[in-house]
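J.: Could you look at this predicted model? Sequence included:
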Amino acid sequence: MKKQLFKNIKGLVLAGEDIPALLSGGEMSNVPIIHNAFLALENGEVVAYGPMSEWEGIVDWRDLEVIDADGKFVLPAFCDSHTHTVFAKTREEEFVERIQGLSYEQIALNGGGILNSAKKLQQMEEDLLYDLAVERVTKMIACGTGAIEIKSGYGLSVDAELKMLRVIKRLKSHFSIPIKATLLAAHAFPLEFKDNHRGYIDLIINQIIPAVEKENLADYIDVFCERNYFSPEEMEEILKAGIRAGLKPKVHVNQFSSMGGLEKALELNALTVDHLEVLTENDISALKSGGTLPVFLPGCSHFLSIPFGNALQLLEQNIPFALASDFNPGSTPCYNLFVIWSLACIKMRLTPEQALIALTVNAAAAMELSATHGTISLGKKPGIILTKEIPSLAYIPYSFGETLVEQVYI
Ligand code: NIG
Ligand code: FE
(Lines give C-alpha, C1' and ligand atoms only; values in the text may rest on other atoms or scores of the structure.)
(Ligands and ions follow the chains in the order given, each with its own letter.)
Protein backbone atom coordinates (compact mmCIF):
# COMPACT_ATOMS: atom_id res chain seq x y z
CA MET A 1 0.00 0.00 0.00
CA LYS A 2 1.21 3.47 -0.85
CA LYS A 3 0.94 5.85 2.09
CA GLN A 4 1.60 9.56 1.81
CA LEU A 5 1.60 12.26 4.44
CA PHE A 6 1.63 15.93 3.57
CA LYS A 7 2.71 17.89 6.63
CA ASN A 8 3.08 21.57 7.56
CA ILE A 9 0.64 22.51 4.76
CA LYS A 10 0.27 26.29 4.71
CA GLY A 11 -3.33 26.01 3.49
CA LEU A 12 -5.33 22.79 3.02
CA VAL A 13 -8.10 23.86 0.68
CA LEU A 14 -11.60 22.38 0.36
CA ALA A 15 -11.07 19.69 2.98
CA GLY A 16 -14.27 18.82 4.81
CA GLU A 17 -16.98 16.25 5.37
CA ASP A 18 -20.08 18.33 4.87
CA ILE A 19 -19.35 20.30 1.75
CA PRO A 20 -22.52 19.98 -0.41
CA ALA A 21 -22.16 18.33 -3.84
CA LEU A 22 -23.34 21.51 -5.53
CA LEU A 23 -22.74 25.04 -4.31
CA SER A 24 -24.52 28.21 -5.41
CA GLY A 25 -24.85 31.89 -4.55
CA GLY A 26 -23.22 32.92 -1.27
CA GLU A 27 -22.03 29.36 -0.63
CA MET A 28 -19.57 29.73 -3.49
CA SER A 29 -17.63 32.32 -1.50
CA ASN A 30 -16.92 29.97 1.36
CA VAL A 31 -13.86 27.90 0.58
CA PRO A 32 -12.79 26.13 3.75
CA ILE A 33 -9.03 26.36 4.37
CA ILE A 34 -7.22 24.63 7.22
CA HIS A 35 -3.99 26.49 7.98
CA ASN A 36 -0.89 24.61 9.13
CA ALA A 37 -2.48 21.29 8.27
CA PHE A 38 -1.69 17.67 7.48
CA LEU A 39 -3.24 15.32 4.93
CA ALA A 40 -2.80 11.54 4.81
CA LEU A 41 -3.52 9.44 1.72
CA GLU A 42 -3.58 5.66 1.24
CA ASN A 43 -3.39 4.65 -2.41
CA GLY A 44 -4.64 8.13 -3.20
CA GLU A 45 -7.63 7.86 -0.86
CA VAL A 46 -8.07 10.53 1.78
CA VAL A 47 -7.76 8.79 5.17
CA ALA A 48 -7.07 11.68 7.56
CA TYR A 49 -6.54 15.43 7.61
CA GLY A 50 -6.70 18.29 10.05
CA PRO A 51 -4.54 20.85 11.83
CA MET A 52 -0.91 19.78 12.44
CA SER A 53 -1.61 19.86 16.18
CA GLU A 54 -3.90 16.85 15.70
CA TRP A 55 -1.93 14.52 13.48
CA GLU A 56 -0.14 12.62 16.18
CA GLY A 57 -1.75 9.31 16.87
CA ILE A 58 -4.05 9.64 13.87
CA VAL A 59 -1.42 8.66 11.36
CA ASP A 60 0.85 5.66 11.52
CA TRP A 61 4.24 7.00 10.45
CA ARG A 62 5.70 3.69 9.27
CA ASP A 63 6.29 3.16 5.54
CA LEU A 64 5.09 6.62 4.87
CA GLU A 65 6.22 8.96 2.13
CA VAL A 66 6.39 12.28 3.93
CA ILE A 67 5.97 15.44 1.89
CA ASP A 68 6.89 18.67 3.61
CA ALA A 69 4.41 21.26 2.33
CA ASP A 70 5.78 24.16 4.35
CA GLY A 71 4.72 27.42 2.67
CA LYS A 72 2.64 25.52 0.10
CA PHE A 73 -1.07 24.98 -0.48
CA VAL A 74 -2.82 21.67 -1.12
CA LEU A 75 -5.98 21.56 -3.24
CA PRO A 76 -8.21 18.85 -4.69
CA ALA A 77 -7.43 18.34 -8.39
CA PHE A 78 -9.67 20.16 -10.87
CA CYS A 79 -12.33 18.37 -12.91
CA ASP A 80 -12.53 19.31 -16.58
CA SER A 81 -16.10 18.45 -17.62
CA HIS A 82 -15.89 19.68 -21.23
CA THR A 83 -13.00 18.92 -23.60
CA HIS A 84 -12.32 17.82 -27.16
CA THR A 85 -8.92 16.33 -26.29
CA VAL A 86 -8.84 13.78 -29.13
CA PHE A 87 -7.96 15.53 -32.38
CA ALA A 88 -5.55 15.06 -35.24
CA LYS A 89 -4.08 18.50 -35.89
CA THR A 90 -3.86 21.97 -34.44
CA ARG A 91 -5.42 24.87 -36.42
CA GLU A 92 -3.11 27.84 -35.96
CA GLU A 93 -3.67 28.93 -39.58
CA GLU A 94 -7.28 29.77 -38.64
CA PHE A 95 -5.97 31.70 -35.64
CA VAL A 96 -3.96 33.86 -38.03
CA GLU A 97 -6.98 34.27 -40.32
CA ARG A 98 -9.00 35.53 -37.38
CA ILE A 99 -6.26 38.01 -36.47
CA GLN A 100 -6.50 39.23 -40.05
CA GLY A 101 -10.22 39.84 -39.67
CA LEU A 102 -12.21 36.70 -40.45
CA SER A 103 -14.66 35.50 -37.82
CA TYR A 104 -14.87 31.96 -36.41
CA GLU A 105 -18.21 31.58 -38.20
CA GLN A 106 -16.83 32.84 -41.54
CA ILE A 107 -13.89 30.44 -41.35
CA ALA A 108 -16.29 27.56 -40.71
CA LEU A 109 -18.50 28.60 -43.64
CA ASN A 110 -15.37 28.54 -45.86
CA GLY A 111 -14.81 24.88 -44.99
CA GLY A 112 -12.46 25.44 -42.06
CA GLY A 113 -13.42 24.87 -38.45
CA ILE A 114 -14.87 21.56 -37.35
CA LEU A 115 -14.97 20.19 -40.92
CA ASN A 116 -11.27 20.96 -41.28
CA SER A 117 -10.53 18.96 -38.11
CA ALA A 118 -12.79 16.13 -39.29
CA LYS A 119 -10.95 15.79 -42.58
CA LYS A 120 -7.61 15.45 -40.78
CA LEU A 121 -8.97 13.01 -38.21
CA GLN A 122 -10.65 10.77 -40.77
CA GLN A 123 -7.24 10.31 -42.44
CA MET A 124 -5.31 9.53 -39.26
CA GLU A 125 -4.70 6.02 -37.94
CA GLU A 126 -6.26 5.18 -34.61
CA ASP A 127 -2.90 4.41 -32.98
CA LEU A 128 -1.40 7.78 -33.82
CA LEU A 129 -4.55 9.55 -32.67
CA TYR A 130 -4.26 7.62 -29.42
CA ASP A 131 -0.57 8.46 -28.92
CA LEU A 132 -1.27 12.16 -29.43
CA ALA A 133 -4.13 12.04 -26.94
CA VAL A 134 -2.01 10.20 -24.34
CA GLU A 135 0.54 12.99 -24.58
CA ARG A 136 -2.15 15.64 -24.06
CA VAL A 137 -3.86 13.92 -21.13
CA THR A 138 -0.47 13.42 -19.47
CA LYS A 139 0.13 17.17 -19.69
CA MET A 140 -3.37 17.94 -18.42
CA ILE A 141 -2.81 15.79 -15.34
CA ALA A 142 0.57 17.41 -14.65
CA CYS A 143 -1.32 20.71 -14.76
CA GLY A 144 -3.70 19.70 -11.98
CA THR A 145 -6.61 18.13 -13.83
CA GLY A 146 -7.83 15.01 -12.03
CA ALA A 147 -10.82 14.02 -14.17
CA ILE A 148 -11.59 14.69 -17.83
CA GLU A 149 -14.61 14.48 -20.08
CA ILE A 150 -13.70 13.98 -23.76
CA LYS A 151 -16.02 14.34 -26.75
CA SER A 152 -16.04 12.77 -30.17
CA GLY A 153 -17.26 15.06 -32.95
CA TYR A 154 -14.25 15.34 -35.24
CA GLY A 155 -15.20 12.09 -36.97
CA LEU A 156 -18.57 12.94 -38.52
CA SER A 157 -18.85 9.48 -40.13
CA VAL A 158 -19.71 6.13 -38.63
CA ASP A 159 -16.13 4.86 -38.83
CA ALA A 160 -14.39 8.02 -37.69
CA GLU A 161 -16.76 8.69 -34.79
CA LEU A 162 -16.24 5.11 -33.58
CA LYS A 163 -12.49 5.50 -34.05
CA MET A 164 -12.50 8.57 -31.79
CA LEU A 165 -14.60 6.89 -29.13
CA ARG A 166 -12.37 3.80 -29.19
CA VAL A 167 -9.40 6.08 -28.58
CA ILE A 168 -11.23 7.56 -25.59
CA LYS A 169 -11.99 4.05 -24.33
CA ARG A 170 -8.29 3.20 -24.51
CA LEU A 171 -7.47 6.40 -22.63
CA LYS A 172 -9.93 5.34 -19.91
CA SER A 173 -8.03 2.14 -19.28
CA HIS A 174 -4.57 3.67 -19.67
CA PHE A 175 -5.00 6.47 -17.13
CA SER A 176 -5.93 6.09 -13.47
CA ILE A 177 -8.02 9.26 -13.44
CA PRO A 178 -11.70 9.05 -14.44
CA ILE A 179 -12.35 9.86 -18.08
CA LYS A 180 -15.91 10.27 -19.38
CA ALA A 181 -16.77 9.84 -23.07
CA THR A 182 -19.34 11.91 -24.91
CA LEU A 183 -20.76 11.14 -28.34
CA LEU A 184 -20.81 14.40 -30.33
CA ALA A 185 -21.51 13.10 -33.83
CA ALA A 186 -23.88 16.09 -34.11
CA HIS A 187 -21.00 18.58 -34.01
CA ALA A 188 -21.47 19.80 -37.60
CA PHE A 189 -23.08 18.59 -40.81
CA PRO A 190 -20.49 16.88 -43.05
CA LEU A 191 -20.16 18.54 -46.47
CA GLU A 192 -21.97 15.72 -48.25
CA PHE A 193 -24.97 16.26 -45.94
CA LYS A 194 -24.92 20.06 -46.15
CA ASP A 195 -28.27 20.11 -47.92
CA ASN A 196 -29.50 16.83 -46.54
CA HIS A 197 -29.77 17.27 -42.78
CA ARG A 198 -32.30 14.44 -42.62
CA GLY A 199 -29.72 12.07 -44.07
CA TYR A 200 -27.06 12.83 -41.46
CA ILE A 201 -29.51 12.80 -38.55
CA ASP A 202 -30.74 9.39 -39.73
CA LEU A 203 -27.14 8.19 -39.91
CA ILE A 204 -26.54 9.32 -36.32
CA ILE A 205 -29.76 7.78 -35.03
CA ASN A 206 -29.81 4.56 -37.03
CA GLN A 207 -26.11 3.74 -37.28
CA ILE A 208 -23.82 5.69 -34.98
CA ILE A 209 -25.85 5.59 -31.76
CA PRO A 210 -26.62 1.84 -32.03
CA ALA A 211 -22.95 1.04 -32.72
CA VAL A 212 -21.86 3.18 -29.78
CA GLU A 213 -24.39 1.48 -27.53
CA LYS A 214 -23.30 -1.97 -28.67
CA GLU A 215 -19.63 -1.34 -27.92
CA ASN A 216 -20.49 0.69 -24.81
CA LEU A 217 -18.35 3.55 -26.05
CA ALA A 218 -20.01 6.60 -24.50
CA ASP A 219 -21.44 7.98 -21.28
CA TYR A 220 -23.11 11.09 -22.67
CA ILE A 221 -24.62 12.51 -25.83
CA ASP A 222 -23.91 16.04 -27.06
CA VAL A 223 -25.20 18.25 -29.90
CA PHE A 224 -23.85 21.60 -31.08
CA CYS A 225 -27.10 23.58 -31.18
CA GLU A 226 -26.39 26.79 -33.10
CA ARG A 227 -27.28 28.58 -36.30
CA ASN A 228 -25.49 26.87 -39.25
CA TYR A 229 -25.20 23.74 -37.07
CA PHE A 230 -28.11 21.89 -35.41
CA SER A 231 -31.50 23.48 -34.72
CA PRO A 232 -33.23 22.91 -31.37
CA GLU A 233 -35.62 20.48 -33.06
CA GLU A 234 -32.78 18.54 -34.67
CA MET A 235 -31.00 18.50 -31.33
CA GLU A 236 -34.10 17.20 -29.56
CA GLU A 237 -34.48 14.29 -31.95
CA ILE A 238 -30.83 13.27 -31.59
CA LEU A 239 -30.81 13.65 -27.80
CA LYS A 240 -33.95 11.52 -27.49
CA ALA A 241 -32.29 8.76 -29.50
CA GLY A 242 -29.25 9.04 -27.24
CA ILE A 243 -31.39 8.88 -24.12
CA ARG A 244 -33.03 5.69 -25.42
CA ALA A 245 -29.52 4.24 -25.73
CA GLY A 246 -28.72 5.17 -22.12
CA LEU A 247 -26.75 8.34 -22.84
CA LYS A 248 -27.45 11.47 -20.78
CA PRO A 249 -27.46 14.77 -22.66
CA LYS A 250 -24.66 17.26 -22.12
CA VAL A 251 -24.93 19.93 -24.79
CA HIS A 252 -23.35 22.91 -26.58
CA VAL A 253 -25.91 25.74 -26.53
CA ASN A 254 -25.97 29.55 -26.63
CA GLN A 255 -22.42 30.05 -27.90
CA PHE A 256 -23.36 32.66 -30.49
CA SER A 257 -27.14 32.85 -30.18
CA SER A 258 -30.03 31.93 -27.91
CA MET A 259 -32.38 30.00 -30.16
CA GLY A 260 -34.36 27.78 -27.79
CA GLY A 261 -31.83 24.99 -27.45
CA LEU A 262 -31.21 25.67 -23.78
CA GLU A 263 -34.88 25.26 -22.85
CA LYS A 264 -35.15 22.08 -24.92
CA ALA A 265 -32.09 20.65 -23.19
CA LEU A 266 -33.60 21.42 -19.79
CA GLU A 267 -36.84 19.70 -20.79
CA LEU A 268 -34.79 16.62 -21.63
CA ASN A 269 -33.05 16.74 -18.22
CA ALA A 270 -29.61 17.42 -19.65
CA LEU A 271 -26.84 16.93 -17.12
CA THR A 272 -25.19 20.16 -18.27
CA VAL A 273 -25.70 23.00 -20.75
CA ASP A 274 -22.35 24.35 -21.87
CA HIS A 275 -20.96 27.59 -23.40
CA LEU A 276 -23.70 30.14 -22.57
CA GLU A 277 -21.78 33.15 -23.87
CA VAL A 278 -25.26 34.46 -24.76
CA LEU A 279 -27.84 34.25 -21.97
CA THR A 280 -31.24 35.94 -22.14
CA GLU A 281 -33.49 36.72 -19.17
CA ASN A 282 -35.66 33.79 -20.28
CA ASP A 283 -32.70 31.45 -20.34
CA ILE A 284 -31.72 32.48 -16.83
CA SER A 285 -35.17 31.99 -15.41
CA ALA A 286 -35.37 28.59 -17.13
CA LEU A 287 -32.10 27.61 -15.46
CA LYS A 288 -33.61 28.38 -12.05
CA SER A 289 -35.69 25.21 -12.21
CA GLY A 290 -32.47 23.32 -11.38
CA GLY A 291 -31.56 19.77 -12.36
CA THR A 292 -29.27 20.91 -15.17
CA LEU A 293 -25.92 22.51 -14.46
CA PRO A 294 -24.72 25.45 -16.57
CA VAL A 295 -21.04 25.27 -17.58
CA PHE A 296 -19.05 28.31 -18.71
CA LEU A 297 -15.98 28.05 -20.95
CA PRO A 298 -14.00 31.27 -20.52
CA GLY A 299 -11.03 29.95 -22.52
CA CYS A 300 -13.26 29.87 -25.61
CA SER A 301 -14.56 33.40 -24.98
CA HIS A 302 -11.00 34.64 -24.60
CA PHE A 303 -9.57 32.89 -27.64
CA LEU A 304 -12.44 33.78 -30.00
CA SER A 305 -12.93 37.28 -28.54
CA ILE A 306 -16.60 36.62 -27.92
CA PRO A 307 -18.54 37.62 -24.77
CA PHE A 308 -17.83 35.89 -21.46
CA GLY A 309 -20.80 34.16 -19.86
CA ASN A 310 -22.66 36.16 -17.25
CA ALA A 311 -21.83 34.08 -14.20
CA LEU A 312 -22.50 36.98 -11.82
CA GLN A 313 -26.17 36.88 -12.73
CA LEU A 314 -26.32 33.18 -11.94
CA LEU A 315 -24.62 33.84 -8.61
CA GLU A 316 -27.22 36.48 -7.81
CA GLN A 317 -30.02 34.08 -8.65
CA ASN A 318 -28.51 31.25 -6.61
CA ILE A 319 -28.01 29.08 -9.68
CA PRO A 320 -24.95 26.82 -9.37
CA PHE A 321 -22.53 26.63 -12.30
CA ALA A 322 -19.24 25.00 -13.27
CA LEU A 323 -16.23 26.09 -15.33
CA ALA A 324 -14.37 23.93 -17.86
CA SER A 325 -11.61 24.35 -20.44
CA ASP A 326 -13.33 23.34 -23.74
CA PHE A 327 -9.81 22.29 -24.84
CA ASN A 328 -9.95 21.85 -28.64
CA PRO A 329 -7.89 22.88 -31.68
CA GLY A 330 -10.36 25.47 -32.99
CA SER A 331 -11.86 27.61 -30.26
CA THR A 332 -9.70 26.84 -27.19
CA PRO A 333 -6.20 25.42 -27.58
CA CYS A 334 -5.69 25.70 -23.80
CA TYR A 335 -6.20 22.86 -21.31
CA ASN A 336 -4.60 24.67 -18.39
CA LEU A 337 -7.30 25.15 -15.75
CA PHE A 338 -5.09 27.60 -13.88
CA VAL A 339 -5.48 29.89 -16.88
CA ILE A 340 -9.25 29.29 -16.83
CA TRP A 341 -9.25 30.15 -13.11
CA SER A 342 -7.52 33.48 -13.85
CA LEU A 343 -9.80 34.29 -16.79
CA ALA A 344 -12.88 33.60 -14.67
CA CYS A 345 -11.63 36.08 -12.09
CA ILE A 346 -10.37 38.74 -14.49
CA LYS A 347 -13.05 38.59 -17.17
CA MET A 348 -16.11 37.16 -15.43
CA ARG A 349 -15.42 38.96 -12.15
CA LEU A 350 -15.65 35.84 -10.05
CA THR A 351 -13.66 35.87 -6.83
CA PRO A 352 -10.82 33.35 -6.58
CA GLU A 353 -13.01 31.30 -4.22
CA GLN A 354 -16.09 31.31 -6.48
CA ALA A 355 -14.04 30.29 -9.51
CA LEU A 356 -12.28 27.54 -7.57
CA ILE A 357 -15.61 26.03 -6.44
CA ALA A 358 -16.75 26.08 -10.09
CA LEU A 359 -13.59 24.17 -11.10
CA THR A 360 -13.75 21.57 -8.34
CA VAL A 361 -16.99 20.89 -6.39
CA ASN A 362 -19.41 21.94 -9.13
CA ALA A 363 -17.17 20.64 -11.91
CA ALA A 364 -17.22 17.18 -10.31
CA ALA A 365 -21.03 17.35 -10.34
CA ALA A 366 -20.91 18.30 -14.04
CA MET A 367 -19.40 14.89 -14.75
CA GLU A 368 -21.18 12.88 -12.05
CA LEU A 369 -18.07 12.45 -9.93
CA SER A 370 -19.18 14.14 -6.70
CA ALA A 371 -18.76 10.90 -4.74
CA THR A 372 -15.03 10.70 -5.44
CA HIS A 373 -13.82 14.11 -6.64
CA GLY A 374 -14.07 17.85 -6.09
CA THR A 375 -13.20 18.03 -2.39
CA ILE A 376 -10.70 16.54 0.03
CA SER A 377 -13.01 14.32 2.06
CA LEU A 378 -12.55 10.97 3.79
CA GLY A 379 -12.91 8.08 1.34
CA LYS A 380 -12.59 10.26 -1.76
CA LYS A 381 -9.74 9.93 -4.27
CA PRO A 382 -9.83 13.42 -5.75
CA GLY A 383 -6.22 13.75 -6.86
CA ILE A 384 -4.09 16.29 -5.05
CA ILE A 385 -2.41 19.49 -6.25
CA LEU A 386 0.60 20.63 -4.24
CA THR A 387 1.44 24.24 -5.09
CA LYS A 388 4.77 25.96 -4.98
CA GLU A 389 5.39 28.29 -2.03
CA ILE A 390 2.77 31.02 -2.36
CA PRO A 391 1.52 33.82 -0.09
CA SER A 392 -2.22 33.14 -0.40
CA LEU A 393 -4.92 31.31 -2.34
CA ALA A 394 -5.81 34.44 -4.32
CA TYR A 395 -2.18 34.61 -5.47
CA ILE A 396 -2.86 31.61 -7.75
CA PRO A 397 -5.37 33.20 -10.18
CA TYR A 398 -3.70 36.59 -9.68
CA SER A 399 -0.37 35.43 -11.08
CA PHE A 400 -1.90 34.43 -14.41
CA GLY A 401 0.31 32.54 -16.82
CA GLU A 402 2.63 31.28 -14.10
CA THR A 403 2.51 27.58 -13.30
CA LEU A 404 2.47 27.29 -9.55
CA VAL A 405 2.20 23.51 -9.40
CA GLU A 406 4.96 21.78 -7.44
CA GLN A 407 3.50 18.35 -8.07
CA VAL A 408 0.23 16.59 -8.79
CA TYR A 409 -0.53 13.34 -6.94
CA ILE A 410 -3.03 11.07 -8.70
O1 NIG B 1 -16.96 23.86 -28.00
N2 NIG B 1 -18.58 25.07 -30.52
C3 NIG B 1 -18.43 23.93 -30.92
N4 NIG B 1 -17.42 23.10 -30.72
C5 NIG B 1 -16.16 23.44 -30.14
C6 NIG B 1 -15.18 24.00 -31.11
C7 NIG B 1 -14.94 23.11 -32.22
C8 NIG B 1 -13.87 23.55 -33.18
O9 NIG B 1 -13.77 24.73 -33.56
O10 NIG B 1 -13.10 22.67 -33.56
C11 NIG B 1 -16.36 24.33 -28.94
O12 NIG B 1 -15.96 25.49 -28.93
FE1 FE C 1 -16.91 22.34 -26.82
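T.: Thanks, I have the structure now. Residues are numbered from 1 along each chain as shown. Ligands and ions are numbered 1, 2, ... in the order given.
J.: worst-scoring helix or strand of this protein, pLDDT-wise?
T.: helix 104-109 (a mean of 90; mean pLDDT, DSSP states H and E).
J.: just checking, what packs against it?
T.: helix 92-99, helix 113-123 (3 or more C-beta pairs under 8 Å, 6 or more residues apart in numbering; DSSP states H and E). The way it works is simple: take the backbone N, C-alpha and C, and place the C-beta from them, glycine included.
J.: possible to save those helices as TSV with mean pLDDT and distance to N228?
T.: What follows is these, written out as TSV (pLDDT from 0 to 100; distance: least, C-beta to C-beta, whole Å):
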stretch	mean pLDDT	distance to N228
helix 92-99	96	16
helix 113-123	97	10
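J.: out of these, nearest to V405?
T.: helix 92-99 (25.8 Å; C-beta to C-beta).
J.: Using neighbour counts, pick out the buried residues of that closest one.
T.: Going by neighbour count (16 or more other C-beta atoms under 10 Å), the buried part of helix 92-99 is E94, F95, E97.
J.: give me every residue that touches the second one.
T.: Under the criterion of C-beta atoms under 8 Å, 6 or more residues apart in numbering, the contact partners of F95 comprise P333.
J.: That one and G330, how far apart?
T.: To G330, F95 is 9 Å away according to C-beta to C-beta, to the nearest Å.
J.: Mind listing residues that contact stretch 379-392?
T.: With contact meaning C-beta under 8 Å, 6+ apart, stretch 379-392 is reached by 6, 10-11, 39, 41, 43-46, 67, 69-78, 141, 144, 146-147, 177, 364, 371-376, 396, 404-410.
J.: Now, those residues that are in helices?
T.: Judged by DSSP state H, helices contain the following of the contacts of stretch 379-392: I141, A364, I396.
J.: Could you pick out the buried ones from those?
T.: I141, A364, I396.
J.: Just name the closest of the residues you listed to D274, please.
T.: Distances from D274 to these, taken by C-beta to C-beta, are shortest for A364, at 15.5 Å.
J.: ok, and the closest non-adjacent residue to the closest one?
T.: G374 (3.1 Å; C-beta to C-beta, 6 or more residues apart in numbering).
J.: can you list the domains in this protein?
T.: With domains defined by automatic domain parsing, the chain comprises 3-77+374-409, 79-365.
J.: quick one: is the last one near ligand 1?
T.: It stands for domain 79-365. Yes - Domain 79-365 reaches ligand 1 (C-beta under 6 Å from any ligand atom) through G113, I114, S117, F224, H252, Q255, C300, D326, N328, P329, G330, S331.
J.: any idea how far the last one is from R91?
T.: Using C-beta to C-beta, one obtains 9 Å as the distance from S331 to R91.
J.: returning to that earlier point: any chance of JSON lines for the buried residues of helix 92-99, columns distance to Y229?
T.: Supplementary listing: those in JSON lines, determined by distance: C-beta to C-beta, whole Å:
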{"residue": "E94", "distance to Y229": "17"}
{"residue": "F95", "distance to Y229": "21"}
{"residue": "E97", "distance to Y229": "20"}
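J.: what's A21 in contact with, if anything?
T.: V361, A364, A365, S370, G374 are the contacts of A21 under C-beta under 8 Å, 6+ apart.
J.: can you pick the most crowded of those?
T.: G374 (32 neighbours; other C-beta atoms under 10 Å).
J.: what stretches of the chain score poorly on pLDDT?
T.: Applying pLDDT under 70 to the chain picks out residues 59, 61.
J.: Find the closest residue to ligand 1 in it.
T.: Here the residue of the chain nearest ligand 1 is G330; by C-beta to the nearest ligand atom that distance is 2.2 Å.
J.: I'd guessed that residue sits against G113; true?
T.: Yes - using C-beta atoms under 8 Å, G330 is in contact with G113, at 5.8 Å.
J.: Spell out which residues are contacts of both of these two.
T.: Residues touching both G330 and G113 (C-beta under 8 Å, 6+ apart): E94, Y104.
J.: Take the buried ones among the ones in helices among the contacts of stretch 379-392 and lay them out in CSV including distance to F87.
T.: Formatted as CSV, those follow (distance: C-beta to C-beta, whole Å):
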residue, distance to F87
I141, 18
A364, 25
I396, 29
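J.: Would you map the strands across the stretch 301-410 of the chain?
T.: With DSSP state E, counting those that start in this stretch, the ranges of strands along the stretch 301-410 of the chain come out as 322-323, 384-389, 405-409.
J.: What ranges does the stretch 151-300 of the chain have for its strands?
T.: Under DSSP E, counting those that start in this stretch, the stretch 151-300 of the chain gives strands at 179-186, 220-223, 248-253, 272-275, 293-296.
J.: Determine the number of other residues adjacent to S231.
T.: 17.
J.: And for N196?
T.: 13.
J.: Then the one 5 residues further on?
T.: If you count neighbours by other C-beta under 10 Å, I201 ends up with 20.
J.: Could you do A142 as well?
T.: 13.
J.: correct me, but it touches E406?
T.: No - using C-beta under 8 Å as the test, A142 is too far from E406 to be in contact (11.2 Å).
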